[in-house]
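**Q** Sequence below, structure please.
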Amino acid sequence: MPPTSARAQTSASVQLDPAQAVQASAQADATQDDADLASELIASGVTRQPIEIVIAVLAARREGASINAAAKASGINYRTAQRIVEAAAGRRQRQLVAVV
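**A** All right, here's what the predicted structure looks like:
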């Protein structure tokens, strides 16, 4: 097979179908939202955890994990994860009310 054909085949196999592209875009948006919210929570003094930990807790909850599972997966205390989750829910609720 000529090298150009191999390159064309490789790039064609990497392309996402429209449904996958939408899902990837939504995932990227959710990840950025988690990062923005984590920054806000840290800046406002809700937690002093590193941003990576706060993002991990928020992502785990978004994916359906319990607070306990999110805490264990992130290596933090349950109460710390609970405080992060409750503060995040409060901020999201205020954002929704502000939009409506």
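**Q** and residue 41, how many neighbours?
**A** The local packing count at residue 41 equals 21, with neighbours defined by other CB atoms under 10 Å. No exception for glycine: its C-beta is placed from N, CA and C like everyone else's.
**Q** Could I get the buried residue list for the host helix or strand of it?
**A** Assigning secondary structure by DSSP states H and E places residue 41 in helix 18-43. Judged by neighbour count (16 or more other CB atoms under 10 Å), helix 18-43 contains these buried residues: 34, 35, 37, 38, 41, 42.
**Q** Go ahead and confirm the last one touches residue 54.
**A** So that's residue 42. Yes - counting by CB atoms under 8 Å, residue 42 sits close enough to residue 54 to count as a contact (6.4 Å).
**Q** picking up where we left off before, what's the average pLDDT for the helix holding residue 41?
**A** Averaged across helix 18-43, the pLDDT comes to 82.
**Q** do stretch 76-90 as well
**A** 97.
**Q** cool, and stretch 48-68?
**A** 97.
**Q** Ends of it, what's the gap?
**A** Stretch 48-68 has an end-to-end distance of 19 Å (criterion: CA to CA, to the nearest Å).
**Q** how close does residue 41 sit to residue 82?
**A** Computed as CB to CB, to the nearest Å, the residue 41 to residue 82 distance reads 13 Å.
**Q** Please apply the same query to residue 61.
**A** 10 Å.
**Q** between the two, what contacts are shared?
**A** Contact criterion CB atoms under 8 Å, 6 or more residues apart in numbering; residues shared by residue 61 and residue 82: residue 67.
**Q** higher neighbour count, these two?
**A** Each of residue 61 and residue 82 has its neighbours counted (other CB under 10 Å); residue 61 has more, 19 against 15.
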